[in-house]
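Novice: Give me a model of this one.
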Amino acid sequence: MKTAIFPLLLIVANVGAQPSSNTTIATRSQQPTAVAQMEAQATSIQASDQIARQVWGLTADELERAKILLKGPRASFSVPNLSPVEALGIHARSDAERRKYAEMFAKAMHEDTERVLAWAAAYQVAIQRLYPNEKVIDFSGLQAGDVSNGKADAANLPRQTTRPTRPTGGGRP
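Specialist: Residues are numbered from 1 along each chain as shown. Down below sits the predicted model:
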C-alpha cells in the first residue's frame, strides 16, 4: 500500500507544480510586450518632442527645461496650455533670454494671427458664395429695447433694434 501512495503523491505534486511553470512562461511572454509598449511610448514622446521643438523653434535642452518648468510651480500658476516658449520667457535667467523668448512668441502669435485672419476671410467669401441672399443674423424679429445708441453700438447691435433713451440725472440743473 505504501508503494501505491508514493506514485500518487508524485503525480499530485507534479500537477500542482505545472501552474507555476505556466505562470513563469506567461510572465516571460508578457515581459517583451511590456518592454515593447514602453519603447513605443518612448518613441511617441520623442516624436512629440521633435514636433514641439520644430513648432516653437527650441533646442532639445530648451524643451526639456520648459517641460520641467511646466511641471513645477508654473503648473499651479498658469493655464494648462501654456506654451514652452512662454514658460521659458517667464522663467528667463537674463534680460537677453527673456527678449529672445518674447520675440519667438511674438513671431509665433503674428504668424498664427495671419492664419486666423486668412481663414476668416475665406470663410466670409464662402458664406457670401453659398448664401448670397441670407443675413448672417436676422434682427427683424427682435423687439426694440430701451437702450442708448452708445450701448447698442458697444454691443454691436443694429440701431433699429433699440429705442433711444433720455439721459437721466447727473446732468445740468
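Novice: Angles on the backbone of residue 146, please.
Specialist: Residue 146 adopts backbone torsions of phi -80, psi 90, taken as degrees, to the nearest 10.
Novice: Test of understanding: give the bridge partners of it.
Specialist: When bridges are called by DSSP bridges, residue 146 pairs up with residue 163.
Novice: For it, the count of nearby residues, please.
Specialist: As a burial measure, residue 146 scores 10 neighbours (other C-beta atoms under 10 Å). In this view, the C-beta of every residue, glycine as well, is placed from N, C-alpha and C.
Novice: next one: residue 140
Specialist: Residues near residue 140, counting by other C-beta under 10 Å, number 8.
Novice: do residue 82 as well
Specialist: Burial measure for residue 82: 16 neighbouring residues, criterion other C-beta under 10 Å.
Novice: Isn't it up against residue 70?
Specialist: Yes: if you go by C-beta atoms under 8 Å, residue 82 and residue 70 touch, sitting 6.5 Å apart.
Novice: From residue 122, how far off is residue 128?
Specialist: According to C-beta to C-beta, to the nearest Å, residue 128 stands 11 Å off from residue 122.
Novice: With residue 90 instead?
Specialist: From residue 90 across to residue 122, the span is 35 Å (C-beta to C-beta).
Novice: Between these two, tell me which one has more neighbours.
Specialist: Using other C-beta under 10 Å as the criterion, residue 90 and residue 122 rank with residue 90 on top: 14 against 10.
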